[in-house]
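**Student:** Starting from these lines, generate the structure:
(one chain, ligands or ions: 1)
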Amino acid sequence: MTISMRSLTGRRPFLTAALAIVALAGLVAGAITAEPRAKDLFGAKKLPAVAAAQSFGFYSKGCFTGGVAIPMDGQNWEVMRPSRNRRWGHPTMIALIEKLSRDAAADGWPGLLIGDISQPRGGPMLTGHASHQIGLDADIWLTPMPDRKLTTQERENISATLMVDDKTHLVKDRLWKPIHTKLLKRAASYPEVERILVNPGIKKKLCDTVTGDRTWLRKIRPFWGHDYHFHIRIGCQPGSPNCKGQEATPDDDGCGKPLAWWFTEEPWRPNKNPDAPKARDLMTMANLPKQCQFVLDQPDADSAEAVTYRGGGVPIAARAPEPDAPPPIAGNAGGLPGAANAFTATPEIGIPLPRRRPPANVGQ
Ligand SMILES: [Zn+2]
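**Tutor:** Numbering: from 1, shown residues only. Down below sits the predicted model:
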């Protein structure tokens, strides 16, 4: 919004302009408070929408149906911060985490501590994260899973290990182990994974130390934060014609100029307006893809239990209620039929095939 000085007459144009700005700001604030915020609507949903798995919109502006939960515990993982109820994702994302947990254990990583994935129906979150809205993002801690089951309280309170020095933006060498590199390489090895976000210090560590095959470094993308966890992003999945993908990463290893920028002052200048509301704080339903209203309106799954992933590459949940045939979604002609049964098997493509579990003592 711009205000033309010429349209504001009077002897004290600056004061008049200032008053006009205040008045306009008040109007805008009024409009925002009148319209419910999307983060409140999506943050209030405790269970996923009963419909076939489908992502709508972009990673930082969207929602999804057919979410499944990763169980709180697996042989090779534990879910952290359970009270946030963010262990939901597209079935392919959840299956991929399970597969990573097994493969990483075979590589010698004791197990995954799983951070935020998505809210049950995605959408903007009440706190944290701009992305994680369409069920295709997941945070995994760089701290290995301890050799015991953490209590609920520990899962809420334990801090992850900061791997990067605040001042130098370099990895703390005493903390970074070859097994961290192996874990990231394993995560990047899956074709579904398009990007892995890490702190620039971690990217630099990989650039400086990885020998042999470096093609996977292309997927490792430097970003602010991500210094105690890494962030896995998979691509739009089959059956989601309204999912907006991200442009492909450049073909090179990303260790050149773009990385050097992160070690200049520019990216670290203090935010001039730290208290300004973030996009997720302002978004209303009008800012999200129109299908997100449908996603909100769909009935709840039976229970969290009914839509919890069982492993083995099958996205489960026979006990979800039969939904009434939902109205067809405009612009969804190429997608799954609107009345597709909830949580029926999603297309085989992109879903990891089951593999034998490693013995229980691997990596412990
Ligand atoms: Zn993340």
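**Student:** and P200, what is it in contact with?
**Tutor:** 169, 222-223, 259, 262-263, 267 (Cβ atoms under 8 Å, 6 or more residues apart in numbering). (C-beta placed from N, C-alpha, C; glycine too.)
**Student:** For the ion, see how far away D73 is.
**Tutor:** Computed as Cβ to the ion, to the nearest Å, the D73 to the ion distance reads 21 Å.
**Student:** same question, H180
**Tutor:** H180 is 17 Å from the ion, by Cβ to the ion.
**Student:** Assign that residue to helix, strand or coil.
**Tutor:** What DSSP: H, G, I helix; E, B strand; the rest coil gives for H180 is helix.
**Student:** so what's it closest to, chain neighbours aside?
**Tutor:** Once flanking residues are discounted, H180 sits nearest to L142: 6.2 Å by Cβ to Cβ, 6 or more residues apart in numbering.
**Student:** Tell me which residues of stretch 250-264 come out buried.
**Tutor:** 253-255, 259, 262-263 (16 or more other Cβ atoms under 10 Å).
**Student:** of the contacts of P200, closest to N273?
**Tutor:** Comparing those against N273 with Cβ to Cβ places P267 closest, at 16.6 Å.
**Student:** The closest residue to that closest one other than its chain neighbours and I114, how far apart?
**Tutor:** Spatially, and ignoring its direct neighbours in sequence, P267 is nearest to W261 (6.8 Å; Cβ to Cβ, 6+ apart). From W261 across to I114, the span is 31 Å (Cβ to Cβ, to the nearest Å).
**Student:** Low-confidence regions, this structure specifically.
**Tutor:** 1-33, 312-364 (pLDDT under 70).
**Student:** Residue numbers of it in contact with the ion?
**Tutor:** 139, 231 (Cβ under 5 Å from the ion).
**Student:** In three-state terms, label H226 for me.
**Tutor:** H226 - assigned by three-state DSSP - is coil.
**Student:** The residue of the chain found nearest the ion: what secondary structure?
**Tutor:** Nearest to the ion in the chain, going by Cβ to the ion, is H231, at a distance of 3.6 Å. Following three-state DSSP, H231 is assigned to strand.
**Student:** Report how many residues lie close to it.
**Tutor:** Using other Cβ atoms under 10 Å, the number of residues around H231 comes to 22.
**Student:** Hmm, N199 and it touching each other?
**Tutor:** No: using Cβ atoms under 8 Å as the test, H231 is too far from N199 to be in contact (10.3 Å).
**Student:** Spit out the residues that contact the two alike.
**Tutor:** F223.
**Student:** re earlier: just the ones of the contacts of P200 in helices?
**Tutor:** Among those, DSSP state H puts L259 in helices.
**Student:** got JSON lines for the contacts of P200, with distance to L184 too?
**Tutor:** JSON lines is the format used below for these (distance: Cβ to Cβ, whole Å):
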{"residue": "H169", "distance to L184": "18"}
{"residue": "P222", "distance to L184": "13"}
{"residue": "F223", "distance to L184": "14"}
{"residue": "L259", "distance to L184": "15"}
{"residue": "W262", "distance to L184": "17"}
{"residue": "F263", "distance to L184": "20"}
{"residue": "P267", "distance to L184": "21"}
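**Student:** And the contacts of P200, which two are furthest apart?
**Tutor:** It's F223 and F263 that sit farthest apart of the contacts of P200, by Cβ to Cβ, at 14.0 Å.
**Student:** For E98, which non-adjacent residue is spatially closest?
**Tutor:** G311 (5.5 Å).
**Student:** just the strands in the stretch 51-200 of the chain please.
**Tutor:** 54-58, 61-65, 68-69, 73-74, 77-79, 88-89, 112-114, 137-141, 193-198 (DSSP state E, counting those that start in this stretch).
**Student:** Distance to K205 for the ones you listed - can I get that in CSV?
**Tutor:** Formatted as CSV, the strands of the stretch 51-200 of the chain follow (distance: least, Cβ to Cβ, whole Å):
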stretch, distance to K205
strand 54-58, 30
strand 61-65, 32
strand 68-69, 33
strand 73-74, 28
strand 77-79, 24
strand 88-89, 28
strand 112-114, 20
strand 137-141, 17
strand 193-198, 9
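**Student:** Quick one: those as CSV, columns for mean neighbour count too.
**Tutor:** Listed next are the strands of the stretch 51-200 of the chain as CSV, based on neighbours: other Cβ atoms under 10 Å:
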stretch, mean neighbour count
strand 54-58, 27
strand 61-65, 28
strand 68-69, 27
strand 73-74, 16
strand 77-79, 23
strand 88-89, 30
strand 112-114, 26
strand 137-141, 24
strand 193-198, 22
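**Student:** Which among those is found nearest to P124?
**Tutor:** Per Cβ to Cβ, nearest to P124 of the strands of the stretch 51-200 of the chain: strand 61-65, 8.0 Å.
**Student:** Give me the contacts around the closest one.
**Tutor:** Contacts for strand 61-65 (Cβ under 8 Å, 6+ apart): 42, 48-57, 90, 118, 121-123, 133-135, 240, 243-244, 279, 283, 287-289, 291-292, 295-296, 298.
**Student:** re the thing from before, contact partners for the residue nearest to H180?
**Tutor:** Here L142 is in contact with 160-161, 163, 180, 183, 228-230 (criterion: Cβ under 8 Å, 6+ apart).
**Student:** Surely C236 is in contact with C243?
**Tutor:** Yes: the criterion here is Cβ under 8 Å, and C236 meets it with C243 at 3.6 Å.
**Student:** Determine the residues that are contacts of both of the two.
**Tutor:** Common neighbours of C236 and C243 (Cβ under 8 Å, 6+ apart) are 55, 136.
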